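> got a structure for you, letters missing:
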Ligand code: HEC
(Lines give C-alpha, C1' and ligand atoms only; values in the text may rest on other atoms or scores of the structure.)
Protein backbone atom coordinates (compact mmCIF):
# COMPACT_ATOMS: atom_id res chain seq x y z
CA UNK A 1 0.00 0.00 0.00
CA UNK A 2 2.64 2.43 1.01
CA UNK A 3 4.68 1.66 -2.04
CA UNK A 4 1.64 2.22 -4.13
CA UNK A 5 1.07 5.62 -2.61
CA UNK A 6 4.64 6.64 -3.28
CA UNK A 7 4.19 5.61 -6.84
CA UNK A 8 1.10 7.75 -7.22
CA UNK A 9 2.86 10.76 -5.71
CA UNK A 10 5.80 10.30 -8.02
CA UNK A 11 3.47 10.06 -10.97
CA UNK A 12 1.77 13.29 -10.08
CA UNK A 13 5.13 15.04 -9.78
CA UNK A 14 6.23 13.71 -13.11
CA UNK A 15 3.00 14.78 -14.74
CA UNK A 16 3.46 18.26 -13.38
CA UNK A 17 6.92 18.47 -14.84
CA UNK A 18 5.75 17.30 -18.23
CA UNK A 19 2.87 19.70 -18.12
CA UNK A 20 5.22 22.53 -17.26
CA UNK A 21 7.50 21.78 -20.16
CA UNK A 22 4.48 21.58 -22.44
CA UNK A 23 3.40 24.99 -21.27
CA UNK A 24 6.87 26.30 -21.97
CA UNK A 25 6.81 24.81 -25.46
CA UNK A 26 3.42 26.33 -26.12
CA UNK A 27 4.64 29.76 -25.07
CA UNK A 28 7.73 29.38 -27.22
CA UNK A 29 5.70 28.39 -30.27
CA UNK A 30 3.34 31.29 -29.64
CA UNK A 31 6.27 33.68 -29.43
CA UNK A 32 7.77 32.40 -32.68
CA UNK A 33 4.40 32.62 -34.33
CA UNK A 34 3.94 36.19 -33.12
CA UNK A 35 7.36 37.22 -34.38
CA UNK A 36 6.59 35.62 -37.73
CA UNK A 37 3.27 37.41 -38.02
CA UNK A 38 4.90 40.67 -37.01
CA UNK A 39 7.60 40.32 -39.66
CA UNK A 40 5.04 39.51 -42.29
CA UNK A 41 3.03 42.54 -41.27
CA UNK A 42 6.10 44.74 -41.64
CA UNK A 43 6.77 43.29 -45.09
CA UNK A 44 3.18 43.88 -46.17
CA UNK A 45 3.33 47.40 -44.84
CA UNK A 46 6.48 48.10 -46.84
CA UNK A 47 4.83 46.87 -50.02
CA UNK A 48 1.75 48.90 -49.24
CA UNK A 49 3.85 51.99 -48.60
CA UNK A 50 5.65 51.51 -51.89
CA UNK A 51 2.33 51.19 -53.67
CA UNK A 52 1.02 54.24 -51.88
CA UNK A 53 4.05 56.32 -52.82
CA UNK A 54 4.04 55.29 -56.49
CA UNK A 55 0.31 55.75 -56.83
CA UNK A 56 0.49 59.18 -55.23
CA UNK A 57 3.34 60.15 -57.57
CA UNK A 58 1.30 58.98 -60.53
CA UNK A 59 -1.67 60.87 -59.15
CA UNK A 60 0.31 64.08 -58.78
CA UNK A 61 1.78 63.70 -62.27
CA UNK A 62 -1.70 63.07 -63.65
CA UNK A 63 -2.99 66.18 -61.94
CA UNK A 64 -0.09 68.23 -63.32
CA UNK A 65 -0.70 66.98 -66.85
CA UNK A 66 -4.40 67.65 -66.58
CA UNK A 67 -3.91 71.14 -65.22
CA UNK A 68 -1.34 71.92 -67.92
CA UNK A 69 -3.79 70.73 -70.54
CA UNK A 70 -6.35 73.04 -69.01
CA UNK A 71 -8.89 70.23 -68.97
CA UNK A 72 -10.63 70.08 -65.60
CA UNK A 73 -13.72 68.05 -66.32
CA UNK A 74 -14.17 64.50 -65.04
CA UNK A 75 -11.50 62.02 -64.04
CA UNK A 76 -12.31 59.78 -66.95
CA UNK A 77 -11.55 62.39 -69.56
CA UNK A 78 -8.45 63.24 -67.52
CA UNK A 79 -7.13 59.71 -67.96
CA UNK A 80 -7.24 59.92 -71.74
CA UNK A 81 -4.88 62.88 -72.24
CA UNK A 82 -2.53 61.37 -69.66
CA UNK A 83 -2.36 58.15 -71.66
CA UNK A 84 -1.77 59.90 -74.97
CA UNK A 85 0.92 62.00 -73.35
CA UNK A 86 2.67 58.84 -72.23
CA UNK A 87 2.73 57.41 -75.74
CA UNK A 88 3.90 60.71 -77.18
CA UNK A 89 6.80 60.99 -74.75
CA UNK A 90 8.98 58.05 -75.99
CA UNK A 91 8.77 59.32 -79.57
CA UNK A 92 10.20 62.64 -78.43
CA UNK A 93 12.85 60.77 -76.44
CA UNK A 94 14.19 59.27 -79.66
CA UNK A 95 15.91 62.57 -80.27
CA UNK A 96 14.81 62.72 -83.90
CA UNK A 97 11.11 63.47 -83.93
CA UNK A 98 11.53 65.45 -87.16
CA UNK A 99 13.26 62.62 -89.01
CA UNK A 100 11.27 61.32 -91.96
CA UNK A 101 12.18 57.66 -92.67
CA UNK A 102 10.73 57.96 -96.19
CA UNK A 103 12.81 60.94 -97.20
CA UNK A 104 15.88 60.61 -94.99
CA UNK A 105 17.81 63.74 -94.22
CA UNK A 106 19.79 65.88 -96.62
CA UNK A 107 19.44 68.32 -99.47
CA UNK A 108 17.15 66.21 -101.65
CA UNK A 109 13.45 66.80 -101.16
CA UNK A 110 11.73 64.97 -103.96
CA UNK A 111 13.83 62.93 -106.38
CA UNK A 112 11.96 61.82 -109.49
CA UNK A 113 12.92 58.73 -111.43
CA UNK A 114 11.71 57.73 -114.88
CA UNK A 115 9.44 54.79 -115.55
CA UNK A 116 12.19 53.27 -117.66
CA UNK A 117 15.91 53.04 -117.16
CA UNK A 118 18.31 55.77 -118.27
CA UNK A 119 20.92 53.42 -119.68
CA UNK A 120 23.72 55.97 -120.01
CA UNK A 121 23.27 57.08 -116.43
CA UNK A 122 23.16 53.48 -115.18
CA UNK A 123 26.38 52.66 -117.04
CA UNK A 124 28.12 55.64 -115.49
CA UNK A 125 26.81 54.38 -112.14
CA UNK A 126 28.39 50.97 -112.74
CA UNK A 127 31.77 52.63 -112.90
CA UNK A 128 31.28 54.54 -109.70
CA UNK A 129 30.06 51.36 -108.02
CA UNK A 130 33.12 49.42 -109.14
CA UNK A 131 35.48 52.01 -107.74
CA UNK A 132 33.75 53.19 -104.57
CA UNK A 133 31.13 50.73 -103.42
CA UNK A 134 31.93 47.22 -104.62
CA UNK A 135 34.44 46.65 -101.85
CA UNK A 136 31.58 46.58 -99.35
CA UNK A 137 28.37 45.91 -101.30
CA UNK A 138 27.45 42.90 -103.39
CA UNK A 139 24.72 43.16 -106.00
CA UNK A 140 22.93 40.13 -104.60
CA UNK A 141 21.17 40.03 -101.25
CA UNK A 142 24.30 38.67 -99.66
CA UNK A 143 26.08 40.75 -97.04
CA UNK A 144 29.70 41.68 -97.62
CA UNK A 145 30.73 44.49 -95.29
CA UNK A 146 27.45 46.28 -95.87
CA UNK A 147 24.12 44.81 -96.91
CA UNK A 148 23.70 43.42 -100.44
CA UNK A 149 21.99 45.74 -102.86
CA UNK A 150 19.37 43.39 -104.26
CA UNK A 151 16.01 45.12 -103.82
CA UNK A 152 17.48 48.23 -102.24
CA UNK A 153 15.85 50.57 -104.77
CA UNK A 154 12.50 49.08 -103.76
CA UNK A 155 13.16 49.02 -100.04
CA UNK A 156 14.09 52.68 -100.04
CA UNK A 157 12.65 55.70 -101.80
CA UNK A 158 14.80 57.46 -104.44
CA UNK A 159 14.97 60.54 -102.20
CA UNK A 160 16.13 58.47 -99.22
CA UNK A 161 18.87 56.84 -101.33
CA UNK A 162 20.13 60.14 -102.73
CA UNK A 163 20.21 61.68 -99.28
CA UNK A 164 21.92 58.66 -97.78
CA UNK A 165 24.62 58.47 -100.44
CA UNK A 166 25.46 62.16 -100.13
CA UNK A 167 24.80 62.62 -96.40
CA UNK A 168 25.80 59.25 -95.00
CA UNK A 169 26.98 60.29 -91.57
CA UNK A 170 23.95 62.31 -90.52
CA UNK A 171 21.60 59.66 -91.76
CA UNK A 172 23.27 56.85 -89.84
CA UNK A 173 22.92 58.99 -86.74
CA UNK A 174 19.21 59.45 -87.28
CA UNK A 175 17.74 56.51 -89.17
CA UNK A 176 16.65 53.69 -86.82
CA UNK A 177 16.94 51.05 -89.58
CA UNK A 178 20.47 52.15 -90.46
CA UNK A 179 21.40 51.93 -86.83
CA UNK A 180 20.09 48.36 -86.74
CA UNK A 181 22.15 47.57 -89.85
CA UNK A 182 25.18 49.16 -88.27
CA UNK A 183 24.80 46.80 -85.33
CA UNK A 184 24.68 43.83 -87.70
CA UNK A 185 27.51 44.96 -89.97
CA UNK A 186 29.70 46.34 -87.18
CA UNK A 187 31.16 48.81 -89.67
CA UNK A 188 29.92 52.32 -90.22
CA UNK A 189 29.62 53.18 -93.87
CA UNK A 190 32.06 56.01 -94.56
CA UNK A 191 30.94 59.08 -96.43
CA UNK A 192 32.11 58.58 -100.04
CA UNK A 193 32.07 62.31 -100.87
CA UNK A 194 30.25 61.84 -104.12
CA UNK A 195 28.92 64.57 -106.36
CA UNK A 196 25.17 64.84 -106.84
CA UNK A 197 25.60 63.52 -110.37
CA UNK A 198 27.49 60.45 -109.20
CA UNK A 199 24.84 59.79 -106.58
CA UNK A 200 22.12 60.00 -109.19
CA UNK A 201 24.06 57.65 -111.46
CA UNK A 202 24.37 55.16 -108.62
CA UNK A 203 20.64 55.35 -108.00
CA UNK A 204 20.03 54.51 -111.64
CA UNK A 205 22.50 51.64 -111.37
CA UNK A 206 20.65 50.28 -108.32
CA UNK A 207 17.41 50.46 -110.27
CA UNK A 208 19.02 48.54 -113.10
CA UNK A 209 20.24 45.95 -110.61
CA UNK A 210 16.66 45.58 -109.41
CA UNK A 211 15.39 44.86 -112.89
CA UNK A 212 14.18 48.25 -114.19
CA UNK A 213 14.50 48.29 -117.99
C1 LIG B 1 33.54 50.51 -96.00
C2 LIG B 1 32.43 49.81 -96.48
C3 LIG B 1 31.38 50.53 -97.30
C4 LIG B 1 31.55 51.21 -98.48
C5 LIG B 1 32.84 51.49 -99.24
C6 LIG B 1 30.22 51.59 -98.90
N7 LIG B 1 29.29 51.17 -98.01
FE8 LIG B 1 27.30 51.41 -98.13
N9 LIG B 1 27.04 50.51 -96.36
C10 LIG B 1 28.06 50.01 -95.59
C11 LIG B 1 27.50 49.55 -94.34
C12 LIG B 1 28.27 48.92 -93.19
C13 LIG B 1 26.11 49.77 -94.41
C14 LIG B 1 25.05 49.48 -93.33
C15 LIG B 1 24.68 50.77 -92.63
C16 LIG B 1 25.78 51.24 -91.75
O17 LIG B 1 26.09 50.60 -90.79
O18 LIG B 1 26.44 52.23 -92.06
C19 LIG B 1 25.86 50.36 -95.71
C20 LIG B 1 24.59 50.70 -96.16
C21 LIG B 1 24.34 51.20 -97.40
C22 LIG B 1 23.03 51.41 -97.94
C23 LIG B 1 21.71 51.05 -97.29
C24 LIG B 1 21.42 49.62 -97.70
C25 LIG B 1 20.09 49.11 -97.24
O26 LIG B 1 19.88 47.93 -97.39
O27 LIG B 1 19.27 49.88 -96.75
C28 LIG B 1 23.20 51.97 -99.19
C29 LIG B 1 22.10 52.39 -100.15
C30 LIG B 1 24.62 52.11 -99.39
N31 LIG B 1 25.28 51.61 -98.30
C32 LIG B 1 25.16 52.68 -100.50
C33 LIG B 1 26.52 52.78 -100.74
C34 LIG B 1 27.10 53.41 -101.89
C35 LIG B 1 26.31 54.06 -103.02
C36 LIG B 1 28.44 53.27 -101.79
C37 LIG B 1 29.51 53.74 -102.76
C38 LIG B 1 29.50 55.10 -103.13
C39 LIG B 1 28.71 52.59 -100.53
N40 LIG B 1 27.52 52.31 -99.93
C41 LIG B 1 29.97 52.29 -100.07
C42 LIG B 1 29.39 49.95 -95.89
C43 LIG B 1 29.96 50.53 -97.01
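In hand now; what should we look at? Bear in mind that the values here come from a model prediction, so they are computed numbers and not experimental data.

> now do the contacts for residue 105.
99, 163, 167, 170, 171, 174, 175 (C-beta atoms under 8 Å, 6 or more residues apart in numbering). Bear in mind the C-beta positions are built from the backbone N, C-alpha and C, glycine included.

> and the gap between the residue lying closest to the second one once chain neighbours are set aside and residue 199?
Translated: residue 163. Nearest residue to residue 163, sequence neighbours excluded (C-beta to C-beta, 6 or more residues apart in numbering): residue 106, at 3.3 Å. Taking C-beta to C-beta, to the nearest Å as the measure, residue 106 falls 10 Å from residue 199.

> contacting residues for residue 181?
146, 147.

> about what we covered before: highest neighbour count among the contacts of residue 105?
residue 163 (25 neighbours; other C-beta atoms under 10 Å).

> what distance do you get for residue 204 to residue 161?
10 Å.

> what residues do the two have in common as contacts?
Common neighbours of residue 204 and residue 161 (C-beta under 8 Å, 6+ apart) do not exist.

> what are the ranges of the helices in the chain?
For the chain, the helices defined by DSSP state H occupy 2-69, 75-93, 119-128, 152-155, 158-166, 168-174, 176-185, 196-209.

> weakest of these by average pLDDT?
If you rank the helices of the chain by mean pLDDT, helix 75-93 sits at the bottom with a mean of 44.

> flag every residue of the protein that's near the ligand.
132-133, 135-137, 145-147, 152, 155-156, 161, 164-165, 172, 178, 181-182, 185, 187-190, 192, 194, 202 (C-beta under 6 Å from any ligand atom).

> now these: which count as buried?
Buried by 16 or more other C-beta atoms under 10 Å: 132-133, 137, 146-147, 152, 156, 161, 164-165, 172, 178, 181, 185, 189, 194, 202, out of those.

> spatially, which two of the contacts of residue 105 are the most separated?
The largest distance within the contacts of residue 105, taken as C-beta to C-beta, falls between 99 and 167 and amounts to 12.2 Å.

> ends of stretch 150-157, how far apart?
Taking C-alpha to C-alpha, to the nearest Å as the measure, stretch 150-157 stretches 14 Å from start to finish.

> pull the number of nearby residues for the spatially closest residue to residue 165 that is not a sequence neighbour.
Excluding the flanking residues, the one nearest residue 165 by C-beta to C-beta, 6+ apart is residue 199, at 4.4 Å. By other C-beta under 10 Å, the residues close to residue 199 number 23.
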